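*Asks:* Return a 3D structure for these sequence lines:
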Amino acid sequence: MAQSSIPTTELFWSLVDKGDRKFSHIRDLPNFGRSRNDAEFQKLFKIYTQLWMMQQEHRQKLMEAGLKRWEIGEIASRIAQLYYGQYQKTSDSGHLHEAYVFYEAILTREYFRDASTAANGLPPEAHLANKQLRFYARFLVVCLVLGRRDMVTRLAHQLRTLVDECKRNTQELEIKEWKHVVQDIIRFLKHDSPFMNMRPLRYSFVYDNHPDYLPVASFGKSRKGLVLRNAILSSYCHNEVKFAELTLDTFRMLQCLEWEPCGSFSLSIPVDSSGNGTGPNRINLQQDIRDPMLPPNPQKVILYRPTVTHFLVVLATLCDDLPPDWILLIYLSASVSFGEHIPSPLSDGVFVDDGKQGGTNSDTTATPAFPITYPLQPSRESKKGKGKKEESCLWLGSLGTTGSFGSGPNNLYPCDLIPFTRKPLFLIIDSNSSHAFKGIYRQEKGDTIAILLSPASSAPNVSASKDSVNGQGVSQFTLFLTAPVQAFSILLGVSGMCMDKEIYKSAEKLLSLALREWEKAMLTSDELHPTWIEVLGDPFLRRLLLRFVFCRAVLALYTPTFHQEEFLPVCHPGLPDSVSPTSAFSESAVLGFATFLGVRKHFTFSEGASPRQCFADHFLHGRDSSTDVNELASAEREPRLTDTAS
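*Replies:* As a prediction, the model looks like this:
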C-alpha cells in the first residue's frame, strides 16, 4: 500500500514505534572506527525528521488522536541525542550546536511540563518524571561542552528543584540516584567555575597563533609533518570530579583539542524564555557562529572508566585506521588509590552513583560520597614470596575483578602500548606512577613516541586547604596543559574570583610572549629531536608541548618543590637545554611572570636573574618609562593576584 494512503495518525505512530526500535539498537553501537553504522544513523535520523515535520504540520489532528506534549518533547530529545552522538563520533561542533537548538526548544516550550505536574489530582507517572530528569542531564552535558555556562547554571538550578519536587512521587532508590546527579554537577561547577569566562580552553585565534603562521624549524631536518586527527581521552581516578561520563580532566582535555568557533569567546546568545525565535525553526545556530574556514576538530573517543580490554580494542581500532601522516594522542589520567565501588547506570546511559562508598570524601560539605576507583598501582613486592618487584601499571579494575596486584586482568602495563608504537603516538600520562611509562621510550616498533609524564607528586599550594578549589579530584598537571595561567594562579592559592579580568588578560599576554620565546629557542636548536619537529607541526600538540615547558620551569623554580624530581614532569625524547628550567631564559620568563603577578617571593632564582626587556616592557606598559628592568626584578609588592579581591 502506498504510504500516502495510510492515515496520518496511523503512519505517525508506526514511525514512532519503528524509531524506538532503531534508536535502542543504534544507541549501543561504538562511536569509533570505520564500522560506525553511518547509514543506520541516516535512516534513523530520517525517521525522526519525518516525525518532527508531521507533528508540525498535523499537530491538531495528532493531539486529538492522543498525542501528548511530552511525546513531542521526546521526539525533539531523540533528535538532539542523535546530533550529540554524531558530535561524539566526528567532533564536529556543528552537531553540538544543533543538539543545543533542539534541547533549548524543549526547555523554552516546556514540552515536558505535563510530565512533572499532577493531572486531576493524581501524581505524574514515574517514567515520565525520569524522562524529564534525563533531558536536563543530557542538556547539561551539551551546555558544558559548548561552553554555555549561563544555561548550565540555569539548568542545574532547575534540575535541583525538579528532583526536590519528585521526592514525593518517585521511588526512594531512583530519587537517591538523581540527588547524586545534582550533587555531581554542583561539585563539577565548584571546581571548574573559578576562572569561568577568563579565556577559552579551545584553540582561539584571539589568543593562539593561526596554524598557517606557525614558525618552523630553521635547520635542515625536514621531515613529514604529523597532524592530530584522533585522540583517546580516559580518566580513572579516585574521587574524581565528574558529571555523567565526563570527568573534569577529560572535559578540559576535550576542549583543549578543539577550535574555538570564529575565535570569538565573548559571543553570547541571550536565553529567550518566551520561546519566540528559538528552537529548531529559527536560523541555524551553526551558521550564526561557526567559521567555515576552521579546520576540522580532531576526533576524540572519551572512555569513562574502561576495562583494559575495551581500552585496547579502541586503541587497536584507531591505530588500524590511522593514515601515515596522522598522529594519535593518548591521554590517561589516574591516581594510586583503592576501592570497592563502581557506578550504576540508568537505563538511558546517564551514569550516577548508587551511594555505596568504600572510602571518604574530603569535600563533604557540598557533595555526596563519590566513587572510589581503581587506577595506578605502584611497584610493590610480590605476595608470592619470591621478593620479585612487580611492574607498575594502570589498574583499570572493576567490582569483582580485582585480581592480585601485578597480575590482574585489568592492569594496563606500559608494555601493553608498545605494539601500537608502529604508528605515530603522542602519549600523556597524568599519574603519580607516570614514571613507569618512560620505559616505552626506545622500545618502539616504529617511529619514536612522544611522551609527556606528570610529576610523581603534585606541588603544594601556597594556601592549600580542604576547601580549596584545587582539592582532591583535580589534576594539577592537566590544568597546566589546558589552562596554564589558571594552574599558576591556583598553585599560588588564588581563585579566579579574586583576580581582576584585566590583570588576567595581561598575564595571558605575558605568558604568550614567554611561550613564543621558548618556541623560538626549540626551533632554532640543533638538539631538537626529530620526533618533536614532527609534533610541532600540529598546532594542538605544539601548544601542549610549550605549556609543558612552562609547567616544568614553574615547578622547578617554585620554592617548595625547587628542583626536586618528585615534583617535576618529564618528557621523552628530551628537549634542548635552551628550554630547560635551568636555562637563563626559563628563569627570566618565570621571574617576569611571577613578578608581574606579585608572587616572586614564592620562587627561588639564581643570583642576578632578571626579566628580559620584553617582559619588562609588558609589565611597565602604562607606567613611568623611567622604571627599568632592574627595578622590575627587585620589585616586592603585595600579590597583584589578590589586590582586587574586594
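*Asks:* show me the contacts for residue 567.
*Replies:* Contacts here follow C-beta atoms under 8 Å, 6 or more residues apart in numbering; on that basis residue 567 touches 455, 456, 457, 458, 459, 555, 558, 561. Backbone N, C-alpha and C define where each C-beta goes, glycine included.
*Asks:* Just put the residues you listed in CSV and tack on neighbour count, distance to residue 245 and pLDDT.
*Replies:* Shown next, in CSV, are the contacts of residue 567 (neighbours: other C-beta atoms under 10 Å; distance: C-beta to C-beta, whole Å; pLDDT from 0 to 100):
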residue, neighbour count, distance to residue 245, pLDDT
455, 24, 27, 94
456, 19, 28, 90
457, 14, 28, 90
458, 19, 25, 90
459, 21, 29, 92
555, 25, 31, 97
558, 24, 34, 96
561, 21, 33, 95
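*Asks:* The most centrally placed residue in the chain - nearest residue in space that isn't next to it in sequence?
*Replies:* Nearest residue to the geometric centre of the chain (C-alpha atoms, centre = their mean): residue 251, 1.6 Å. The spatially closest residue to residue 251, leaving aside those adjacent along the chain, is residue 144, at 6.8 Å (C-beta to C-beta, 6 or more residues apart in numbering).
*Asks:* just residue 211 next, same as before
*Replies:* Here the residue nearest residue 211, using C-beta to C-beta, 6+ apart, is residue 539, at 4.4 Å.
*Asks:* The one you found: how many residues sit nearby?
*Replies:* 19 (other C-beta atoms under 10 Å).
*Asks:* ok, back up a step: quickly note the distance from the residue nearest to residue 251 to residue 304.
*Replies:* Per C-beta to C-beta, to the nearest Å, residue 144 is found 15 Å from residue 304.
*Asks:* Of those two, which one has the most company?
*Replies:* residue 144 (23 against 16).
*Asks:* That one contacts residue 250, doesn't it?
*Replies:* No. Taking contacts as C-beta atoms under 8 Å, residue 144 lies outside contact range of residue 250: 11.6 Å.
*Asks:* Strands of the stretch 201-350 of the chain, residue ranges please.
*Replies:* 227-236, 242-243, 246-247, 299-304, 326-334, 344-345 (DSSP state E, counting those that start in this stretch).
*Asks:* Could you tell me the average pLDDT over the fourth one, please?
*Replies:* Per-residue pLDDT values over strand 299-304 give a mean of 93.
*Asks:* Distance from the chain centre to that strand, please.
*Replies:* 10 Å (C-alpha atoms, centre = their mean, to the nearest Å).
*Asks:* Who are the packing partners of that strand?
*Replies:* If contacts are counted by 3 or more C-beta pairs under 8 Å, 6 or more residues apart in numbering; DSSP states H and E, strand 299-304 sits against helix 69-90, strand 227-236, strand 246-247, helix 248-256, helix 308-321.
*Asks:* Quick check: which of the ones you listed is nearest to residue 583?
*Replies:* helix 248-256 (26.0 Å; C-beta to C-beta).
*Asks:* What are the buried residues along the helix or strand residue 513 falls within?
*Replies:* Element membership for residue 513 (DSSP states H and E) is helix 501-523. Buried positions in helix 501-523, judged by neighbour count with 16 or more other C-beta atoms under 10 Å: 503-504, 506-507, 510-515, 517-519, 521-523.
*Asks:* can you check stretch 53-72 too?
*Replies:* 54, 55, 58, 62, 67, 70, 71, 72.
*Asks:* Need these in a markdown table (columns: pLDDT and distance to residue 483).
*Replies:* Converted to a markdown table, these look like this (pLDDT from 0 to 100; distance: C-beta to C-beta, whole Å):
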| residue | pLDDT | distance to residue 483 |
| --- | --- | --- |
| 54 | 94 | 46 |
| 55 | 93 | 43 |
| 58 | 93 | 50 |
| 62 | 93 | 49 |
| 67 | 92 | 47 |
| 70 | 92 | 40 |
| 71 | 93 | 42 |
| 72 | 94 | 40 |
